[in-house]
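Enquirer: The amino acid sequence is not available; the structure is as follows:
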């Protein structure tokens, strides 16, 4: 599935926000781009794990490479892109 260039309902108030959120969810889910660190308690609570996702063992919620257990977003997104 290809990404749509613009979300539906853009610029139409509260309903537009809901439509944009739904569109964004569909785009990420369609591409399998939900990435969760294995140690990411926040990600586990805030995610829908019943959809296809990538679990990164040993990674937490942060992307800061100077802190241990960071999630290497660039490597993970490249891996996801390679699966498409």
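Expert: Great, that's in hand. Predicted model only: the values in this text are computed from it and were never measured.
Enquirer: For the chain, which segments count as strands?
Expert: According to DSSP state E, the chain carries its strands in the segments 35-37, 54-56.
Enquirer: Check which helices and strands the last one sits against.
Expert: With contacts defined as 3 or more C-beta pairs under 8 Å, 6 or more residues apart in numbering; DSSP states H and E, the packing partners of strand 54-56 are strand 35-37, helix 73-83. All C-beta atoms are positioned from the backbone trio N, CA, C, and that covers glycine.
Enquirer: what helices or strands is the first one leaning on?
Expert: In other words, strand 35-37. helix 41-46, strand 54-56, helix 73-83.
Enquirer: The last one now?
Expert: The criterion is 3+ C-beta pairs under 8 Å, 6+ apart, and the helices and strands that helix 73-83 contacts are strand 35-37, strand 54-56.
Enquirer: Among those, which comes closest to residue 69?
Expert: Ranking the helices and strands packed on helix 73-83 by distance to residue 69, with C-beta to C-beta as the measure, places strand 35-37 first at 7.4 Å.
Enquirer: one step back: buried deepest among the strands of the chain, which one?
Expert: Each of the strands of the chain was assessed for mean neighbour count using mean count of other C-beta atoms under 10 Å. The highest is strand 35-37, with a mean of 21.
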